[in-house]
Each structure stands twice: as structure tokens, then as C-alpha cells.
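>>> quick check, what structure comes out for this input:
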Amino acid sequence: MRAVLLICRKELNAYFASPIAYLLMAFFALIFGFVIFNATTDFLRFSFQMQFQGGGGPMSINDQIITPLLGFSSTITLFLIPMITMRLFAEEKRSGTIELLLTSPITDLQIILGKWLGAMLLFACILVMSMINVALLFAWGKPDIKPVLVAYLGLLLQGGCLLAIGALISTMTKNQIIAGGVTFFVCLLLWLLSWSTANDVGVLPQVINYLSIVTHFDNFSKGVLESKDVIFYLSMIFFALFVTSRAMESLRWRA
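Next up, the predicted model:
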């Protein structure tokens with residue numbers, strides 16, 4: 001466990017020693033802040049209109065603002081994940097330090113878990129930028145906190161799944177641009193699977209729809225915690241990291 005934490009710390013230092021971490025956090029904060037400002041403005045305008053017209057019940061902050069925003073956040077992560085994972089192993093291979101890792105007295109699993117955990121912590125730091133805006137809604141309103149916590153759990157699980165896939169792709173090339181581009185394509189494909197099978201019936205469309213990351217995040221975004229969705233993300237993380245370990249074993253054998 002100590003080796004995993006050391007590699008995780010090394011990865012975090014590498015992220016924050018370069019502009020990448022700050023740029024990603026600033027990009028996410030800017031986009032999320034702009035969207036939540038417009039969503040809150042629309043919410044207040046519609047609330048005043050309904051109040052003066054005397055129709056309808058009270059509007060829900062969770063349903064009208066938080067749920068759509070956190071669903072939108074899952075879309076933004078498609079652009080952030082490749083930037084986080086593209087350097088994990090590709091940079092090590094390009095600089096030649098991968099041989100040092102492979103010949104060091106640590107296992108492939110410790111290397112992979114340390115790098116993935118470092119990427120996860122950076123991803124969590126990015127999500128914190130959105131929590132600041134959401135916290136303001138709790139300061140001025142009375143939303144239900146449980147659906148919010150479930151939605152953030154879904155974001156973390158979805159992010160962990162995509163980060164594991166990105167780590168796998170990063171082991172296959174020494175070019176960061178290629179690693180980032182392929183990771184974005186795969187993430188986008190997993191995001192679009194539900195669209196392509198939305199109106200289809202049959203076993204194969206159901207299987208394809210099940211593999212979509214959007215399908216399993218929908219319940220989280222609504223504040224519904226389903227075991228099947230948690231199992232899906234954990235299984236994808238385990239599978240991607242397992243294949244990554246096999247790729248690392250191949251690199252160790254060739255080294």
C-alpha cells in the first residue's frame with residue numbers, strides 16, 4: 001500500500017507541477033459556473049412568473065437546477081478524462097522512465113493503482129470546483145442533499161471507469177496526443193451507445209445500451225442509488241485495470 005501511495009503522490013505532484021491541473025480545474029469551474037448562473041437565473045424568473053400568475057406548486061431546486069447540472073457535468077468529463085490520462089504511461093514510455101518503473105521492486109498492480117488513484121484524486125479536485133457553486137444553492141435555498149451526494153457518487157464512479165480505460169489506452173502508445181485522442185473517441189463511443197439503441201428492441205440492442213455509461217448515470221443524476229449501476233462501474237474499472245496489468249506485463253517482458 002505504501003508503494004501505491006508513493007506513486008499516487010508522484011502523479012499528483014506531476015499534475016500540479018505543470019499547468020494541466022490548474023487549466024482543467026479552471027476550465028471546469030468556468031463552464032460549470034456559467035451554466036449554473038444561467039440555470040439559476042431562469043429558475044428565479046420562472047418562479048416569479050408562477051408566483052405572480054398564481055399557478056402551479058413550488059419549483060424544486062433539485063429537479064430544476066442541480067439534477068440537470070450534474071448530468072451536464074458528466075458530459076464535460078468526456079473532454080477532461082483524456083487530458084488527465086494521456087500522460088499516465090505514454091509520458092513514461094516517451095521519456096524512457098518506464099524501464100525504471102518496470103525494474104523497480106514494485107509490482108505492476110501497485111504501479112497501475114498508484115497512477116489511477118492519482119488521476120482519480122485530480123478528478124475529485126476538479127469536481128470540488130462544482131461543489132463550491134452547489135454549496136451556494138444550499139446557502140440561499142433548501143435543496144435535498146441526499147440526491148446531490150448520490151449524483152456526485154455517480155460522477156466519481158463514472159470518472160473512475162473512464163480513467164481506467166484511459167490508463168489502459170495510455171499503455172499502448174508513447175504519444176500523448178494519440179493516447180488522448182483515442183481515449184476521447186472511446187469515451188464518446190460509450191456515451192453515444194444509448195442513443196444508437198434508444199428505439200431498438202431485442203437482445204443485442206439491450207446489451208449495447210447496457211454498456212453505455214449514460215444509461216447507468218441516469219439513476220445517479222436523479223438521486224437513485226441502484227446496485228446494478230454501482231456494480232457496472234466497479235466491474236468496468238476492474239476489467240480495465242486488469243487488462244492494463246496484462247499490458248504492463250507485456251511491457252515488462254519486452255523490457
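>>> from Thr215, how far out is the residue nearest to Arg87 when sequence neighbours are not counted?
Nearest residue to Arg87, sequence neighbours excluded (CB to CB, 6 or more residues apart in numbering): Gln176, at 5.4 Å. Quick note: C-beta positions are derived from backbone N, CA and C, even for glycine. Distance of Gln176 to Thr215, computed by CB to CB, to the nearest Å: 30 Å.
>>> can you give me the helices for the chain?
Assigned by DSSP state H, the helices in the chain fall at 2-17, 20-53, 61, 67-85, 90-95, 98-103, 108-140, 145-170, 176-196, 203-210, 213-221, 227-254.
>>> got the contact list for the closest residue to Thr40 other than its chain neighbours?
Spatial nearest neighbour of Thr40, excluding adjacent residues (CB to CB, 6+ apart): Ile65 at 6.3 Å. By CB atoms under 8 Å, 6 or more residues apart in numbering, the contact set of Ile65 is Ile36, Ala39, Thr40, Phe43, Leu137, Pro143.
>>> give me that answer again for 7 Å
Neighbouring residues of Ile65 by CB atoms under 7 Å, 6 or more residues apart in numbering: Ala39, Thr40, Phe43, Leu137.
>>> same question, Phe123
Ile84, Gly159, Leu163 are the contacts of Phe123 under CB under 7 Å, 6+ apart.
>>> highest neighbour count among those?
Neighbour counts for the contacts of Phe123 (other CB atoms under 10 Å) peak at Leu163, which has 29 neighbours.
>>> wait, what's in contact with it?
With CB under 7 Å, 6+ apart, Leu163 has these contacts: Ile81, Ile84, Thr85, Trp116, Ala119, Met120, Phe123.
>>> so how far is Gly114 from it?
For Leu163 relative to Gly114 (CB to CB), the value is 13 Å.
>>> next one: Leu122
Per CB to CB, Leu122 is found 13 Å from Gly114.
>>> show me the shaky parts of the stretch 51-200 of the chain.
Of all residues in the stretch 51-200 of the chain, those with pLDDT under 70 make up the ranges 51-60, 141, 194-200.
>>> ok, now with 80
Along the stretch 51-200 of the chain, the model assigns pLDDT under 80 to residues 51-68, 91-93, 95-105, 133-134, 136-144, 192-200.
>>> burial measure for Thr103, as a count.
The number of residues packed near Thr103 is 10, by other CB under 10 Å.
>>> go on, Leu109?
Neighbours of Leu109 using other CB under 10 Å come to 15.
>>> chain neighbours aside, what residue packs nearest to it?
Ser245 (5.8 Å).
>>> with Leu121 instead?
Leu12 (5.9 Å).
>>> got a list of what that neighbour touches?
Gly118, Leu121, Leu122.
>>> just the buried members of these?
Using 16 or more other CB atoms under 10 Å as the burial test, the contacts of Leu12 include Gly118, Leu122 as buried.
>>> tell me the one of the contacts of Leu12 nearest Val150?
Leu121 (21.0 Å; CB to CB).
>>> what distance do you get for the closest one to Phe16?
Using CB to CB, one obtains 10 Å as the distance from Leu121 to Phe16.
>>> same thing with Val214?
Taking CB to CB, one finds Val214 at 31 Å from Phe16.
>>> more crowded one of those two?
More neighbours surround Val214 than the other of Val214 and Phe16, with 18 against 14 (other CB under 10 Å).
>>> count the residues that sit near the residue nearest to Ile7 when sequence neighbours are not counted.
Spatially, and ignoring its direct neighbours in sequence, Ile7 is nearest to Gly114 (2.6 Å; CB to CB, 6+ apart). Applying other CB under 10 Å, we find 22 residues neighbouring Gly114.
>>> now Gly166
That count, for Gly166 with other CB under 10 Å as the rule, works out to 28.
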